[in-house]
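Let me see the structure of the following:
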Amino acid sequence: MQVRRLEITGAFEFTPKAFPDNRGLFVAPFQEEAFTEATGHPMTLAQTNHSVSARDVIRGVHFADTPPGQAKYVYCPQGALLDVVVDIRVGSPTFGQWEAIRLDSTEYRALYLAEGLGHAFLALTDNTVMTYLCSTGYNPSGEHGINPMDPDLGLPWDGALTGPAILSQKDREAPTLAEAAESGLLPDFNTCLAHYESLRTEQ
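Next up is the predicted model:
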């Protein structure tokens, strides 16, 4: 397993080795030993999610109240997508910045997003599947979003879309990053760092 620490604190890219043969292919997108070595703590698994998206569907930017927050380990077992992590933690040196990674069913890269980070993706093919390993269960009152079309964020959709973006009404009506910050909705960077440290010291 190859691991790459992204510029945004708390985000990691994992690239597993695939084993193709005449029967098909075998791959292990999540490996606990590699994950724990990279992050300093094991992955707490409370829920798995599975989404299927048509071409040009955008989901996100989603995040949860932190603490407890919701860390996500995501990969694409079918199709292809452009996955985006957004630093929405107030006080972070990379606040408002994002990084994009292609996830697909060719290389089976995975992305880990620690609690407090924003997550969005664009489906690049029809029937694109996203698998999520989540550290906490779904909590409707603690789930929030930022408009993925926020011009100040400038997320990299334009060059990848083949038609109009397909969004849920909730995502389309979500506040901009500036509006969410002004309303006090966003996670605090130092609070998130303290939470990450607590995960490591529990070991």
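
So residue 39 sits against residue 112, correct?
Yes: if you go by CB atoms under 8 Å, residue 39 and residue 112 touch, sitting 6.9 Å apart. C-betas here are computed from N, CA, C, even on glycine.

quick one, which of these two is more surrounded?
residue 112 (23 against 20; other CB atoms under 10 Å).

Let me know the helix or strand that the more buried one is in.
strand 110-113 (DSSP states H and E).

Ok, residue 81 next?
Here residue 81 is assigned to strand 80-86, by DSSP H and E.

now for that strand, which elements pack on it?
Helices and strands touching strand 80-86, by 3 or more CB pairs under 8 Å, 6 or more residues apart in numbering; DSSP states H and E, are strand 58-64, strand 98-104, strand 110-113, strand 118-123, strand 128-134.

and with 10 Å instead?
Here strand 80-86 touches strand 11-15, strand 58-64, strand 72-78, strand 98-104, strand 110-113, strand 118-123, strand 128-134, going by 3 or more CB pairs under 10 Å, 6 or more residues apart in numbering; DSSP states H and E.

The ones you listed: which one's closest to residue 86?
The closest of the helices and strands packed on strand 80-86 to residue 86 is strand 118-123. By CB to CB, the value is 3.7 Å.

send the alpha carbons of that closest one over as PDB?
The C-alpha coordinates for strand 118-123 follow below in PDB (Å, rounded to 0.1, in the frame of the first residue of the first chain):
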ATOM      1  CA  GLY A 118     -15.500  18.900   3.800                       C
ATOM      2  CA  HIS A 119     -16.100  16.300   1.100                       C
ATOM      3  CA  ALA A 120     -17.500  16.400  -2.400                       C
ATOM      4  CA  PHE A 121     -17.200  14.500  -5.600                       C
ATOM      5  CA  LEU A 122     -18.200  14.600  -9.300                       C
ATOM      6  CA  ALA A 123     -19.200  11.300 -11.000                       C
END
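
coming back round to it: quick one, the strand holding residue 81 and strand 118-123 angle?
Compare the direction of strand 80-86 with that of strand 118-123 by axes from the mean of the first three to the mean of the last three CA atoms, to 10 degrees and you get 160 degrees.

strands paired with strand 80-86, and their directions?
Paired neighbours of strand 80-86 in the sheet (DSSP bridges): strand 98-104 (antiparallel), strand 118-123 (antiparallel).

so how far is it off the chain centroid?
Put simply, strand 80-86 sits 7 Å off its chain's centre (CA atoms, centre = their mean, to the nearest Å).

same deal with stretch 189-200?
Remark: stretch 189-200 is offset 18 Å from the chain centroid, using CA atoms, centre = their mean.
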